[in-house]
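> fold the following, please.
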Amino acid sequence: MNFKTALICFALLLIGTLCSAYSNQERQRDSRRVAEIMRTSLDDNTKINRIQELLTIYNRMAPSLRPDERARIDRFISRHTEGIIVDGVPSQGGARKIFKKTLSPAAKSVATGFFTELGASLASLFTSWFPTTTTERNH
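Here you go, the predicted model:
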C-alpha cells in the first residue's frame with residue numbers, strides 16, 4: 001500500500017473515532033436529562049416507564065467510563081435484570097418491558113429501587129465529570 005493511501009485510511013479511522021466519541025455536549029445533555037428524569041419521576045409507574053431511558057443513557061456513556069465504573073454498574077444492572085422471566089420466557093426486550101409486565105407490589109418496589117439506584121449512579125458519574133455544574137445551579 002502506498003503512503004498516500006495509508007495516510008488517508010489512518011485519517012478516516014481517526015476522524016471516524018472522533019466523530020463517534022461521547023462528546024462533552026452529549027455528556028452535558030445527558031446529565032441534564034438524568035437530573036430531569038430523577039426530579040420529575042414522582043410515582044412508581046413513571047419511574048418504571050423511565051428505566052429504559054436511564055439504561056439508554058448509560059449505554060451511551062458506558063464506553064467512556066473507567067473499566068471499574070463500568071463493571072460496577074454492569075453488575076448492578078445484571079443483578080436486577082438477569083433471570084427475570086416474563087410469561088415463562090427469559091427477558092430479551094429490555095428492562096422497561098420486563099418491569100412493565102410485572103407490576104405486583106413487590107415487583108414495583110424492586111423496579112423503583114432499581115430506578116432510584118441506577119439514576120443516582122448515573123448522576124454521581126455526571127457530577128464527577130462536571131463538578132461545577134451542581135454548584136453553579138445552587139448559587
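> going forward, measure contacts between C-alpha atoms and count neighbours the same way
Noted.
> tell me how far residue 24 lies from residue 31.
10 Å (Cα to Cα, to the nearest Å).
> of the two, which one has the most company?
Summary of the neighbour comparison: residue 24 and residue 31, criterion other Cα atoms under 10 Å, with residue 31 having more neighbours (22 against 11).
> where does the protein have low pLDDT?
For the chain, the stretches flagged by pLDDT under 70 are 1, 7, 9-22, 82-103, 131-139.
> buried residues, the longest helix seen in it. List them.
Residue-count comparison of every helix in the chain, with assignments taken from DSSP state H, identifies helix 105-129 as the longest. Across helix 105-129, burial judged by 16 or more other Cα atoms under 10 Å covers 108, 110-115, 118-119, 121-123, 125-126.
> packing partners for that helix?
Other elements packing on helix 105-129 under the criterion 3 or more Cα pairs under 8 Å, 6 or more residues apart in numbering; DSSP states H and E are helix 24-40, helix 44-61, helix 67-81, helix 95-101.
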